[in-house]
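*Asks:* sequence isn't available, so here's the structure alone:
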């Protein structure tokens, strides 16, 4: 199986905003290990084009999504510098295929984390601050007809993200109990708490550090880690405005133009 060839197809689908059939249909026998190799090839290609890795994202952290895809653990993808939208800047809907919006808690690391054996306490000690975030996911697979291997190969369906302006040290915060409100066009669409993310957002980051150890990779100081969606993702169209507000962490807003 040519992992680079598959990665190039996904990049081309992203560039042309033209989705492709599920990889699991086209490439019989595509395994989770193959899918991560495809993802890494895609990241290498983009680095070669001048992009820079600035963090990681964790997906499939909720029991509902894991049950939907029949898996027992999250997945992850890479955050590149061109995915970051600054607060106040719009997200160009025409640059995406079928975007959805999620509210998340982002961790910014002050120290390197390298598994195996990373614990939730290690994550909290290594975290410089947390910050509210919006992740915009998108799929290069037609109509979101994804299986686990499809989304892993497609960089965990990552597309864009926006960080809030309030950086909060984790000391004295109970991230498991912090509530979140997700609004679309001024209307409350969903609410949740940090515990929806793998039991505790820091537990999801610990999982990532230990998972990356399988590939000899560490989470480096300064990296941004999106810990996973607190509630279900919402479809986004041109003209939509989304605001995510966390208790004690502040809020973040994105507009689709």
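*Replies:* Looks like it came in fine. Everything numeric in this text was worked out from a predicted model, so none of it was measured.
*Asks:* from the centroid of this protein, which residue is nearest?
*Replies:* By CA atoms, centre = their mean, the chain has its centre lying nearest to residue 57, at 3.5 Å.
*Asks:* excluding chain neighbours, give the residue nearest to that residue in space.
*Replies:* residue 226 (4.1 Å; CB to CB, 6 or more residues apart in numbering). All C-beta atoms are positioned from the backbone trio N, CA, C, and that covers glycine.
*Asks:* do residue 9 as well
*Replies:* In this structure, residue 9 finds its nearest non-sequential neighbour in residue 20, 6.1 Å apart by CB to CB, 6+ apart.
*Asks:* which residues touch the one you found?
*Replies:* 9, 10, 13, 26, 140, 141, 142 (CB atoms under 8 Å, 6 or more residues apart in numbering).
*Asks:* which parts of whatever helix or strand the residue nearest to the centre of the chain lives in are buried?
*Replies:* Here residue 57 is covered by strand 53-59, with elements defined by DSSP states H and E. Residues of strand 53-59 classed as buried by neighbour count (16 or more other CB atoms under 10 Å): 54, 55, 56, 57, 58, 59.
*Asks:* residues in contact with the third one?
*Replies:* So the one you mean is residue 56. Taking CB under 8 Å, 6+ apart as the test, what residue 56 contacts is 76, 77, 78, 79, 208, 212, 219, 223, 224, 225, 226.
*Asks:* could you find the lowest-pLDDT member of the buried residues of strand 53-59?
*Replies:* The member of the buried residues of strand 53-59 with the lowest pLDDT is residue 59, at 93.
*Asks:* and the residue nearest to it when sequence neighbours are not counted, how many neighbours?
*Replies:* Nearest residue to residue 59, sequence neighbours excluded (CB to CB, 6+ apart): residue 156, at 4.5 Å. By other CB atoms under 10 Å, the residues close to residue 156 number 23.
*Asks:* repeat for residue 43
*Replies:* By other CB under 10 Å, 17 other residues sit near residue 43.
*Asks:* how near is it to residue 121?
*Replies:* To residue 121, residue 43 is 30 Å away according to CB to CB, to the nearest Å.
*Asks:* please apply the same query to residue 150.
*Replies:* According to CB to CB, residue 150 and residue 121 sit 34 Å apart.
*Asks:* the more surrounded of those two?
*Replies:* residue 150 (27 against 10).
*Asks:* surely residue 101 touches residue 136?
*Replies:* Yes - if you go by CB atoms under 8 Å, residue 101 and residue 136 touch, sitting 5.8 Å apart.
*Asks:* and the strands in the stretch 101-250 of the chain, which stretches?
*Replies:* 127-137, 158-163, 179-184, 187-193, 224-229, 234-235, 241-246, 250-255 (DSSP state E, counting those that start in this stretch).
*Asks:* follow-up on the earlier one: was I right to think the residue nearest to residue 59 contacts residue 69?
*Replies:* No - the criterion here is CB under 8 Å, and residue 156 misses it with residue 69 at 12.0 Å.
*Asks:* do a quick rundown of the helices in the protein.
*Replies:* 3-16, 23-26, 32-48, 63-69, 120-126, 148-153, 201-213 (DSSP state H).
*Asks:* give me the contact list for the third one.
*Replies:* By CB under 8 Å, 6+ apart, the residues outside helix 32-48 that reach it are 1, 3-4, 6-8, 10-11, 23, 27, 53, 77-78, 80, 148-150, 152-156, 215.
*Asks:* what's the distance between residue 51 and residue 38?
*Replies:* In this view, residue 51 and residue 38 are 17 Å apart by CB to CB.
*Asks:* more crowded one of these two?
*Replies:* Taking neighbours as other CB under 10 Å, residue 51 and residue 38 compare with residue 38 leading, 29 against 15.
*Asks:* and the spatially closest residue to the more buried one that is not a sequence neighbour, what does it touch?
*Replies:* The shortest distance from residue 38 to any non-neighbouring residue, by CB to CB, 6+ apart, is to residue 153 (3.9 Å). Residue 153 sits next to 6, 7, 10, 23, 30, 34, 35, 36, 38, 39, 42 when contact means CB under 8 Å, 6+ apart.
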